[in-house]
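> With the input below, show me the fold.
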Amino acid sequence: MLEDVPRDPFADDPNDPTAVLGELDHSEPLTLAERDEALTDLADVEVFRSLLEPRGVLGLCLDCPECGEQHYFGWDLLRGNLRQMIDHGRPQVHEPAFEPDPANYVSWEYARGYVDGVIDTEESR
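A predicted model of the protein is given here:
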């Protein structure tokens, strides 16, 4: 089990309310291309965090293709989801952020642009 993944609060509970749902579908492992993409994303998240967290950014805001809404992910949750994808082929189940302040999150594109700007500034010195 991953150390950065929260423990299932119903683990070992004989009255687990999710028991009626049955076992989770076992996902197919990621293809090599998908795994490489997830590893690249994980590395990006680490760089984004190292540069943006000290500036007060709590994580990323991502558009959900399933519901069409934006979802807010803290740095640890992003990292945990990517590790879960890499290790198990599917993201972990998680609770959405409760009333997040959108001002504390940036888009992936913003984070990428910020990193590119930092790199360009360093290279021009």
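
> In the chain, where is pLDDT below threshold?
Residues of the chain meeting the criterion pLDDT under 70: 1-8, 18-27, 92-97.

> Show me the helices in it, by range?
Using DSSP state H, the helices of the chain run over 32-52, 75-88, 108-123.

> Tell me which of those helices sits most buried.
helix 75-88 (a mean of 19; mean count of other Cβ atoms under 10 Å). (C-beta placed from N, C-alpha, C; glycine too.)

> Would you tell me which of the helices of the chain gets closest to Pro14?
Set against Pro14 and scored by Cβ to Cβ, the helices of the chain come closest in helix 75-88, at 25.2 Å.

> Put the alpha carbons of the closest one into PDB.
Taking Å, rounded to 0.1, in the frame of the first residue of the first chain, the C-alpha atoms of helix 75-88 are listed here in PDB:
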ATOM      1  CA  TRP A  75      -0.400  18.700  -4.200                       C
ATOM      2  CA  ASP A  76      -0.500  15.600  -2.100                       C
ATOM      3  CA  LEU A  77      -3.700  14.300  -3.700                       C
ATOM      4  CA  LEU A  78      -2.300  15.000  -7.200                       C
ATOM      5  CA  ARG A  79       0.900  13.100  -6.300                       C
ATOM      6  CA  GLY A  80      -1.100  10.200  -4.700                       C
ATOM      7  CA  ASN A  81      -3.400   9.900  -7.700                       C
ATOM      8  CA  LEU A  82      -0.500   9.800 -10.100                       C
ATOM      9  CA  ARG A  83       1.400   7.200  -8.000                       C
ATOM     10  CA  GLN A  84      -1.800   5.100  -7.800                       C
ATOM     11  CA  MET A  85      -2.200   5.300 -11.600                       C
ATOM     12  CA  ILE A  86       1.400   4.300 -12.100                       C
ATOM     13  CA  ASP A  87       1.300   1.400  -9.600                       C
ATOM     14  CA  HIS A  88      -2.300   0.100 -10.100                       C
END
